[in-house]
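Engineer: coords please:
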Amino acid sequence: MRSNAIVGLVLLGCAAGCVAGRTTDDDRGDGREQISTVTSELTQTFGAGSLIIPLDTQFQDAGALRAYGLVYQLLASNIPVQWAVDPAKVAGGNDITIAAPAVVHDRETGTNIARPVHYRGGPFLIAAADAPAALPIVDAWLAANTTVVHSLI
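Structural biologist: As a prediction, the model looks like this:
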């Protein structure tokens, strides 16, 4: 049976901890803000319904900085966001690739993208289970900002 899924190496930078895990200088006593620095390496599958926020210039040339703003909004709303980086790639190589039979839909333009779709620059991923909570935030963001977000269908 063929599956519409992304399987790839994902480096998790405990991104939620960078927003929700902050402490004040009163908590640490040294006047510095604490952020998470924990990373882990794992393989995770992202199936149909998952969201992809590309960061490479092929898709996000005009909105790369805004993409980080969208990710911040998602994390501030307690939506888990994964960061996909293939540490074994060559310089300029792909972090993830999506091939047929999966379909990639551009939420900004409403069009499907020809496959295979290659993502570089460490795209952000939102699992299908978290997409229903993320979509209202993504759609509100897209109404006010130029940012590319893809859906895996």
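Engineer: just the helices in the chain please.
Structural biologist: Using DSSP state H, the helices of the chain run over residues 15-19, 25-28, 57-60, 64-76, 131-144.
Engineer: With mean pLDDT, distance to Leu51 and mean neighbour count added, can I get those helices in TSV?
Structural biologist: (C-beta placed from N, C-alpha, C; glycine too.) Shown next, in TSV, are those (pLDDT from 0 to 100; distance: least, C-beta to C-beta, whole Å; neighbours: other C-beta atoms under 10 Å):
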stretch	mean pLDDT	distance to Leu51	mean neighbour count
helix 15-19	39	15	17
helix 25-28	46	33	10
helix 57-60	84	13	18
helix 64-76	92	9	17
helix 131-144	95	5	14
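Engineer: and the ones you listed as CSV, adding distance to Pro123?
Structural biologist: Listed next are these as CSV, based on distance: least, C-beta to C-beta, whole Å:
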stretch, distance to Pro123
helix 15-19, 13
helix 25-28, 33
helix 57-60, 9
helix 64-76, 9
helix 131-144, 14
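Engineer: out of those helices, nearest to Thr111?
Structural biologist: helix 57-60 (12.2 Å; C-beta to C-beta).
Engineer: Can I get that closest one in CSV? Just the C-alpha atoms.
Structural biologist: The C-alpha trace of helix 57-60 is given here as CSV (Å, rounded to 0.1, in the frame of the first residue of the first chain):
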residue,chain,number,x,y,z
THR,A,57,14.1,30.9,-1.9
GLN,A,58,12.3,28.7,-4.4
PHE,A,59,9.1,29.1,-2.5
GLN,A,60,9.6,31.8,0.2
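Engineer: contacts for that helix?
Structural biologist: Residues from elsewhere that reach helix 57-60 (C-beta atoms under 8 Å, 6 or more residues apart in numbering): Ile53, Pro54, Ala64, Ala67, His118, Tyr119, Arg120, Gly121, Thr147, Val148, His150.
Engineer: mind redoing it with 6 Å?
Structural biologist: Contacts of helix 57-60 with the rest of the structure, by C-beta atoms under 6 Å, 6 or more residues apart in numbering, involve Pro54, Ala67, Val148.
Engineer: No further questions, thank you.
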